[in-house]
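Engineer: no letters, just coordinates:
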């Protein structure tokens, strides 16, 4: 838990997990949710998601948040797991952030409206959304992702 954001190459790590886990085995990962509303707004205002601030060049300490060097969102974590040979990916969270609930009420309609407009363009113009990734894309603005503090992803290695 809470390790993948400390790694220089999370995708390589997931391929290694896939290599050593038995077919049908389960991988459970957790990482700070960089897509919750508080983190999205912090990124908008400051340029860094929550728990991922500016890194010191000379005195980085891996035991605190400056050890967070690879922010990874739910979409890219799920995508990397699928590329590494996992399926049956389940998204969960540790808890809802109460501080994001008022923001969700204020931003919910604009988020949903823009989501639909941008998704349409991604599907028809850029062709980046298809049947292989639409389920994951649709979870990006779910209540769990918008309010969850930490995402927990469970995936099963393909048989």
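Structural biologist: It's in. Please read these numbers as outputs of a predicted model, since none were measured by experiment. Numbering: from 1, shown residues only.
Engineer: going by C-alpha atoms from here, please, whenever you check contacts or count neighbours.
Structural biologist: Fine.
Engineer: starting at the chain centroid, how far to the lengthiest helix in the chain?
Structural biologist: Assignment by DSSP state H gives helix 101-121 as the longest helix of the chain. Its chain's average C-alpha position is 18 Å from that of helix 101-121, according to CA atoms, centre = their mean, to the nearest Å.
Engineer: so after it, what's the next helix or strand?
Structural biologist: Next along the chain after helix 101-121, taking DSSP states H and E as the criterion, comes helix 134-139.
Engineer: next structured bit after that next one?
Structural biologist: helix 143-147.
Engineer: helices or strands up against that following helix?
Structural biologist: strand 86-93, helix 101-121 (3 or more CA pairs under 8 Å, 6 or more residues apart in numbering; DSSP states H and E).
Engineer: elements contacting the longest one?
Structural biologist: In terms of contacts (3+ CA pairs under 8 Å, 6+ apart), helix 101-121 is packed against helix 143-147.
Engineer: how about residues contacting the helix it packs on?
Structural biologist: 33, 35-37, 92-93, 96-98, 100-101, 104, 139-140, 151 (CA atoms under 8 Å, 6 or more residues apart in numbering).
Engineer: who's in contact with the residue of the chain positioned farthest from its centre?
Structural biologist: When distances to the mean C-alpha position of the chain are computed (CA atoms, centre = their mean), the maximum falls on residue 58, with 28.1 Å. Counting by CA under 8 Å, 6+ apart, residue 58 touches no other residue.
Engineer: tell me, how many residues neighbour residue 1?
Structural biologist: Residues near residue 1, counting by other CA atoms under 10 Å, number 9.
Engineer: start at 752 instead
Structural biologist: All right, first residue 752 from here; so that's residue 752.
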